[in-house]
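**Q** Task: produce atomic coordinates for the following.
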Amino acid sequence: MFTLATAEQIKMLVRSHFESNDDRFRTVVLQIAASEAKKGHQTFARDLRGILDKYYEKNNKIIPFNKELDGLMRTELSDGKLTDLVVNDEIKYRIEKILLEYWQRDKLKKYGLNNRRKILLTGNPGTGKTLTASVLAGRAKLPLCTIVMDKLLTKYMGETSVKLRQIFDFISHNQAVYLFDEFDTIGTERSLDNDVGEIRRILNSFLQFIEQDESDSIIVAATNNPQLLDQALFRRFDDVIHYTLPDREQVANLIRNKIGSYNHKLLSLEQVADEALTLSHADITMACNNAVKEAILNGSGYIDENLIMRMIIERKEVYQRGGI
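**A** Predicted coordinates:
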């Protein structure tokens, strides 16, 4: 026998089908899946989500199932893989541990334990924090939902906290990986001299919402400025991972990953790696892409160490000209 809530959901499913409202249809199915998961019907919930993921992966990479949030969130299906991340072994191990606990969360719950799913990523810009959220979504086979911070923050008193409540209400009913990028914009230390009452209210609201959240979603916050974060935030996260600029070995591996499909010659990258040590993963990726494009456009189709070195130097000059 259906509960009243389930009966209402079935009505919405039928209505959204005949109205050709795919967004509402998907949202209701995800709500049913989340509800069934909480009742212990994990296989049924996974089957429902699997049907949706398979359909949307085949038909569209973008999943606009969050219209009720009025542009507060961008949603997409990720095909991110661990091999996409060129990070040190410690970071990769901790990401693998997050995924293992997610896959085995039902087993942990039998012992009264929860999987780590509230994750704070800190470190230099361009070092793989956003990519990590994409990898978590891809490996967990969940949608990746990125909170649009400039839409979240408003000048009107109390409005941002209301939007945060809407987001966490959505999180509780729609299982996904949720990314709060540039997190320091709402997580600033409450005792800073430039703080105002509204910022304190926003931070207090976030602390309350994330502490109360008991969903099966993975919540990721990323910041380039961990020193600005309020200390109370660190206690609310199950894991904190710090990212750094790549070392020589990571630089070489990153370059080989990016140009491997274009150039099969074994390159000697020691000097290139030394030159690129002050650059981030994102900068090195951009330099490799520029090298590939130049090789294609000049007709040679060949990438050597000199070409990569030149692109690395050009990328470094971007910062030197900007006085960085």
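
**Q** Would you confirm that residue 239 contacts residue 121?
**A** No. When contacts are counted by Cβ atoms under 8 Å, residue 239 is not listed as touching residue 121 (9.2 Å). C-beta: built from backbone N, CA, C; applies to glycine.

**Q** which one of those two has more residues nearby?
**A** For residue 239 and residue 121, the more surrounded residue by other Cβ atoms under 10 Å is residue 121, and the numbers stand at 27 against 15.

**Q** Assign the more buried one to helix, strand or coil.
**A** Under DSSP: H, G, I helix; E, B strand; the rest coil, residue 121 falls in the strand class.

**Q** Can you give me the distance of it to residue 224?
**A** Between residue 121 and residue 224 the distance is 10 Å, computed by Cβ to Cβ, to the nearest Å.

**Q** Same check on residue 85?
**A** Residue 85 sits 18 Å away from residue 224, taking Cβ to Cβ as the criterion.

**Q** do the same with residue 35
**A** Summarising the geometry, the distance separating residue 35 from residue 224, computed by Cβ to Cβ, is 37 Å.

**Q** Touching, residue 315 and residue 283? I think so.
**A** Yes. Between residue 315 and residue 283 there is a contact under Cβ under 8 Å: 5.1 Å.

**Q** Who are the contact partners of residue 283?
**A** Contacts were defined as Cβ atoms under 8 Å, 6 or more residues apart in numbering; by that measure residue 283 touches 126, 276, 315.

**Q** Is it located within a strand, as I assumed?
**A** No. Secondary structure of residue 283 (three-state DSSP): helix, not part of a strand.

**Q** OK, contacts around the most centrally placed residue in the chain?
**A** To find the centre residue of the chain, average its C-alpha atoms and take the closest one (Cα atoms, centre = their mean): that gives residue 133, at 2.6 Å. Under the criterion of Cβ under 8 Å, 6+ apart, the contact partners of residue 133 comprise 121, 144, 146, 177, 179, 220, 222.

**Q** Pull the number of nearby residues for residue 162.
**A** When neighbours are counted by other Cβ under 10 Å, residue 162 registers 12.

**Q** ok, it to residue 9 distance?
**A** When Cβ to Cβ is applied, the distance between residue 162 and residue 9 equals 25 Å.

**Q** How about residue 299?
**A** For residue 299, the distance to residue 9 equals 59 Å [Cβ to Cβ].
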